[in-house]
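Asker: Quick one, what's the 3D model for this:
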Amino acid sequence: MIRVSGQAYQYPGSRRIAFQDFDIGAGAHGLLLGDSGSGKTTLLHLVGGLLRAQQGTIEVQGTDLAKLSESRLDDFRGKHVGFVFQKNHLITALSVEKNLLVAPFFAGLPPDLVRVEEILRSLGIEEQRHARIRELSHGQAQRVAIARALINRPGVILADEPTSALDDRNCEKVIRLLIDASEKQGATLLVATHDQRLKKIIPHQIQL
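Answerer: Numbers count the residues shown, from 1 in each chain. Next up is the predicted model:
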């Protein structure tokens, strides 16, 4: 679950952005909607603990992020939050399998090759397991990025503009993929986007 209250954020030299309060229950899906510059990515980074809140409260999985030290926040994020970034940030020189194993390594978890096989099969890319990232199509690489976000079985999945550069057909495929993957493990999904096409798919919407 995600609970946000009393949030505002200001980067040095920039205007202050205030955010409305909202809750998303365990296993539910939500959209953060807004134009470019409205603070969608900032709020997503606050929820994911990549930025520290300057005021108010953010609870993720029942944990108040403000009460965690930097090291405990890093540990919490690695084990409980999966990120799908606008750019996939995959390591192109490594295989698909090794890209996935980076996530448990940084979270202090043991490597789990059975989990790698399971998540790749669920996303339809098990045949690319030993391929290098640079050998994949754009769509395959996007699925690997989703697999990496899911590999540690996080309770919360945060996606930043996952469909903005896609045509209608691929837009629906990617968002359905995210929804199906999050539902399979009972994870809460929060998608930051200005893509109005997603409004008909995810009815719980927070307008920034």
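Asker: Check the contact between residue 99 and residue 91; I expect there is one.
Answerer: Yes - between residue 99 and residue 91 there is a contact under C-beta atoms under 8 Å: 5.7 Å. Glycine gets a C-beta too; all of them are placed from N, C-alpha and C.
Asker: and for the two, which residues touch both?
Answerer: residue 133 (C-beta atoms under 8 Å, 6 or more residues apart in numbering).
Asker: need the next SSE after the helix or strand harbouring residue 118, C-terminal direction.
Answerer: Using DSSP states H and E, residue 118 sits in helix 113-122. On the C-terminal side of helix 113-122, the closest following helix or strand by DSSP H and E is helix 138-150.
Asker: Only C-alpha atoms, please: export that following helix in PDB.
Answerer: Provided in PDB are the C-alpha atoms of helix 138-150 (Å, rounded to 0.1, in the frame of the first residue of the first chain):
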ATOM      1  CA  HIS A 138      13.100  -2.500 -27.900                       C
ATOM      2  CA  GLY A 139      10.000  -4.400 -26.800                       C
ATOM      3  CA  GLN A 140      12.100  -7.300 -25.400                       C
ATOM      4  CA  ALA A 141      14.400  -4.800 -23.500                       C
ATOM      5  CA  GLN A 142      11.300  -3.200 -22.000                       C
ATOM      6  CA  ARG A 143      10.200  -6.600 -20.700                       C
ATOM      7  CA  VAL A 144      13.600  -7.200 -19.200                       C
ATOM      8  CA  ALA A 145      13.300  -3.800 -17.400                       C
ATOM      9  CA  ILE A 146       9.900  -4.900 -16.000                       C
ATOM     10  CA  ALA A 147      11.300  -8.300 -15.000                       C
ATOM     11  CA  ARG A 148      14.100  -6.500 -13.100                       C
ATOM     12  CA  ALA A 149      11.500  -4.400 -11.300                       C
ATOM     13  CA  LEU A 150       9.700  -7.600 -10.300                       C
END
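Asker: Would you mark the buried spots in the lengthiest helix in the chain?
Answerer: Scanning the chain for the longest helix, with DSSP state H as the assignment, gives helix 168-184. Buried residues in helix 168-184, counted by 16 or more other C-beta atoms under 10 Å: 171-175, 177-179, 181-182.
Asker: try stretch 61-72
Answerer: Those would be 61, 65, 68, for stretch 61-72 by 16+ other C-beta under 10 Å.
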